[in-house]
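Trainee: just the structure for this:
(chains A, B, C and D)
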Number of protein chains: 2
Amino acid sequence: MIADKRAADENRKSMTVMPAPGSHLAKRQSILDTAACVFCREGYGGTNIDMIACEAGVSRQTVYNHHGDKDSLFRAVVHEVTERVNHRVFETLATFPDQPRDLGADLAAFAVRFNKNCIYDRDGKFLRRLVDTEGERYPELFAEWREQGPGKTWAALAARFARLAHAGYLEIEDPDLVARQFLALINADFKVATLLGEMPSDEEIERSSANAVSMFLRAYACRPSGTAAARDKSALKA
Amino acid sequence: MIADKRAADENRKSMTVMPAPGSHLAKRQSILDTAACVFCREGYGGTNIDMIACEAGVSRQTVYNHHGDKDSLFRAVVHEVTERVNHRVFETLATFPDQPRDLGADLAAFAVRFNKNCIYDRDGKFLRRLVDTEGERYPELFAEWREQGPGKTWAALAARFARLAHAGYLEIEDPDLVARQFLALINADFKVATLLGEMPSDEEIERSSANAVSMFLRAYACRPSGTAAARDKSALKA
DNA sequence: ATATTTCTAGACACGCTTGTCCAAAATGGT
DNA sequence: ACCATTTTGGACAAGCGTGTCTAGAAATAT
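Mentor: Numbering: from 1, shown residues only, chains lettered A, B, ... in the order given. Model (predicted):
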């Protein structure tokens, strides 16, 4: 059991800022974090309270004391993770290059940040898997996620692209569509790899993001006046 | 129970060619199909044999008689569905427009076919969800899927794009990358919608596919000689 | 019509999970 | 050192799921 807790901690290090270790709140948070891990790994049906208690280094009774029954615990976990993910998404969205010096490089760097912070991070994967597997069982919980998460992300990103277009960087008609395409391209290389737990390396993420942005600009970069050949060269360089 | 069977049949109509109704083989197939449905809906852990027996209109013992224990049944289901999906993917891949008359229209039509036959169909969704949730529990089963499925699909599609490029239709450098991007774009609009059971309408699929191909050609269509503006017009028209 | 195979419905033992209860131990504040 | 709160670990009942077994019904073949 002690070994279990250690092992779990390895995989969960610095997930959240912990309160004073050993305190009441520390246990509460530890249970929540561990529960997130286990629910993610095993699904709702495959998870039992003993696993969570064991990996959190806590007795089963303590889990019940803090979060009531299994269903309440699950809802608490989803709520917590949703908030964390949304926060990080909008934090990342705030780093969008509104006044790019080098459009290609800046967009690629943004793509890397978005991938690392929002797509390939543990919480993001957790939520997407959960929506996939348990969404039908908890419609109200995930309705909230859909509106607060992807819905707002798309709209915010679309607004950024619209601004870039207005500033003369891009030639686009439907910013919403373009935002969806941008996000789709960014993930093109890892659709399958991420299905299992495989985390692409930093280098892979960077190369993949560069590829995505390169194609994106080939289609949408503004070409004030010049031959197609000239434009292609500059886009490929980016 | 009878009501359950009827309801299940509604959702499963003409999934597979059924042997003579009421026969031994018909029951076997019915169990397999129903099991696929239930495993997909509930996950492995959330599924119990009684659900399957009930929805298949069969007694529990019959399920055991035909497929042994739960694990064997699950493997049989995955194997069956994998074969069905692979078959359909390559059937669809064979309709790729190798000698397009209207590149944009032909590619869009292909995209529609691919979406309908391989992405949004029940089996495809089932497999992807299963790989996501149970992949870690049955590595050997899904290793096979990964190699036989997406791996071969990408390679085959890349070969088609390479041929189009060689024939002067496209201007691309890395056919594998382009194939991944094409598939990613095709789904751009429905990443979220498909997470739950929502099936996009035919019209939505067509519009989405047209959007994807439009952007794809904006980036990669061959422009033998002409201004960027002229090229854009022709691409948008497609 | 009869023999053979298959299916059914229910009972059953076994193990696992949930959620509650409790007395003893540990922890933390004063 | 003391008291209050929290945690522990184990026992417990109740419920559910698996997989087996049975006798009898139903379907199929001969």
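
Trainee: when you work out contacts or count neighbours from here on, use the C-alpha atoms and nothing else.
Mentor: Fine.

Trainee: how about the strands in chain A?
Mentor: Assigned by DSSP state E, the strands in chain A number zero.

Trainee: residues in contact with the residue of it found nearest chain B?
Mentor: Per CA to the nearest CA, residue A:219 is where chain A lies closest to chain B, at 4.1 Å. Shown in contact with residue A:219 (CA atoms under 8 Å, 6 or more residues apart in numbering or on different chains): B:215, B:216, B:217, B:218, B:219, B:220.

Trainee: equivalent analysis for residue A:28, please.
Mentor: Contacts of residue A:28 by CA under 8 Å, 6+ apart are residue A:66.

Trainee: how near is the closest residue to residue A:161 other than its chain neighbours to DNA strand D?
Mentor: Once flanking residues are discounted, residue A:161 sits nearest to residue A:175: 6.1 Å by CA to CA, 6 or more residues apart in numbering or on different chains. Here residue A:175 is placed at a distance of 47 Å from DNA strand D (CA to the nearest atom of the strand, to the nearest Å).

Trainee: how many residues are close by residue A:175?
Mentor: Using other CA atoms under 10 Å in any protein chain shown, residue A:175 has 21 neighbouring residues.

Trainee: who's in contact with it?
Mentor: A:158, A:159, A:161, A:162.

Trainee: quick check: closest non-adjacent residue to the second one.
Mentor: Nearest non-adjacent residue to residue A:159, counting by CA to CA, 6+ apart: residue A:175, 7.0 Å away.

Trainee: which helix or strand in chain A has the lowest average pLDDT?
Mentor: helix A:228-237 (a mean of 44; mean pLDDT, DSSP states H and E).

Trainee: and stretch A:139-150, what's buried?
Mentor: Going by neighbour count (16 or more other CA atoms under 10 Å in any protein chain shown), the buried part of stretch A:139-150 is A:141, A:142, A:145, A:146, A:149, A:150.

Trainee: and stretch A:24-43, average pLDDT?
Mentor: Confidence for stretch A:24-43, expressed as mean pLDDT, is 88.

Trainee: can you pull the buried residues of it?
Mentor: For stretch A:24-43, the neighbour count (16+ other CA under 10 Å) marks A:27-43 as buried.

Trainee: before we move on, what about stretch A:187-203?
Mentor: So for stretch A:187-203, counting by 16+ other CA under 10 Å, buried means A:187, A:188, A:189, A:190, A:192, A:194, A:195, A:200.

Trainee: end-to-end on it?
Mentor: 14 Å (CA to CA, to the nearest Å).

Trainee: quick one: mean pLDDT for it?
Mentor: 80.

Trainee: pull the distance from it to the chain's centre.
Mentor: 13 Å (CA atoms, centre = their mean, to the nearest Å).

Trainee: next one: stretch A:33-46
Mentor: 18 Å.

Trainee: now stretch A:115-134
Mentor: 6 Å.

Trainee: what is the burial count for residue A:70?
Mentor: 16.

Trainee: ok and the residue in chain A nearest DNA strand C?
Mentor: Relative to DNA strand C, the nearest point of chain A is residue A:48 (2.9 Å; CA to the nearest atom of the strand).

Trainee: and chain A, which residues reach DNA strand D?
Mentor: With CA under 7 Å from any atom of the strand as the criterion, chain A meets DNA strand D at residues A:23, A:24, A:27, A:28, A:57, A:58, A:59, A:60, A:61, A:62, A:65, A:66.

Trainee: helices of chain A, start to end?
Mentor: Assigned by DSSP state H, the helices in chain A fall at A:2-11, A:24-46, A:49-56, A:60-67, A:70-93, A:103-114, A:122-134, A:139-146, A:152-166, A:175-187, A:202-220, A:228-237.

Trainee: which of the ones you listed comes out lowest on mean pLDDT?
Mentor: Minimum mean pLDDT among the helices of chain A: helix A:228-237, a mean of 44.

Trainee: so what touches stretch A:138-156?
Mentor: By CA under 8 Å, 6+ apart, stretch A:138-156 touches A:75, A:78-79, A:82, A:86, A:89-90, A:93, A:131, A:135, A:176, A:179-180, B:192.

Trainee: same question for stretch A:180-199.
Mentor: Contacts for stretch A:180-199 (CA under 8 Å, 6+ apart): A:111, A:115, A:120, A:154, A:200, A:208-209, A:212-213, A:216, B:131-132, B:135-136, B:150, B:177, B:180-181, B:183-185, B:187-189, B:212.

Trainee: before we move on, back to that, drop anything exposed from the residues of chain A next to DNA strand D.
Mentor: Buried, going by 16+ other CA under 10 Å: A:27, A:28, A:57, A:58, A:66, out of the residues of chain A next to DNA strand D.

Trainee: got a markdown table for these, with distance to residue B:104 too?
Mentor: Shown next, in a markdown table, are these (distance: CA to CA, whole Å):
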| residue | distance to residue B:104 |
| --- | --- |
| A:27 | 59 |
| A:28 | 57 |
| A:57 | 59 |
| A:58 | 61 |
| A:66 | 59 |
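
Trainee: quick check: the farthest pair among those?
Mentor: A:57 and A:66 (14.1 Å; CA to CA).

Trainee: nearest residue to the middle of chain A?
Mentor: residue A:118 (2.4 Å; CA atoms, centre = their mean).

Trainee: wait, what's in contact with it?
Mentor: A:85, A:88, A:89, A:124 are the contacts of residue A:118 under CA under 8 Å, 6+ apart.

Trainee: how close does it get to residue B:39?
Mentor: Distance from residue A:118 to residue B:39, by CA to CA: 29 Å.

Trainee: again, but for residue A:191
Mentor: As judged by CA to CA, residue A:191 and residue B:39 stand 23 Å apart.

Trainee: up against DNA strand C, what does chain A have?
Mentor: Counting by CA under 7 Å from any atom of the strand, the residues of chain A that sit close to DNA strand C are A:22-23, A:47-50, A:60-61, A:64, A:68-71.

Trainee: repeat that for 6 Å
Mentor: Residues of chain A that fall close to DNA strand C, judged by CA under 6 Å from any atom of the strand: A:22, A:23, A:47, A:48, A:49, A:50, A:61, A:69, A:70.

Trainee: which of these sits closest to residue B:104?
Mentor: residue A:47 (48.8 Å).

Trainee: now the nearest residue to the closest one once chain neighbours are set aside: how far from DNA strand D?
Mentor: Sequence neighbours aside, residue A:39 is the residue nearest to residue A:47 in space, at 5.9 Å (criterion: CA to CA, 6+ apart). For residue A:39, the distance to DNA strand D equals 18 Å [CA to the nearest atom of the strand].

Trainee: for residue A:29, same thing?
Mentor: On the measure of CA to the nearest atom of the strand, residue A:29 and DNA strand D end up 10 Å apart.

Trainee: show me just the buried residues among the contacts of stretch A:180-199.
Mentor: By 16+ other CA under 10 Å, the contacts of stretch A:180-199 give A:111, A:115, A:120, A:154, A:200, A:208-209, A:212-213, A:216, B:131-132, B:135-136, B:177, B:180-181, B:183-185, B:187-189, B:212 as buried.

Trainee: quick revisit: got the buried residues of stretch A:187-203 as a markdown table, with distance to residue B:104 columns?
Mentor: Below are these laid out as a markdown table (distance: CA to CA, whole Å):
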| residue | distance to residue B:104 |
| --- | --- |
| A:187 | 24 |
| A:188 | 21 |
| A:189 | 24 |
| A:190 | 27 |
| A:192 | 27 |
| A:194 | 31 |
| A:195 | 31 |
| A:200 | 34 |
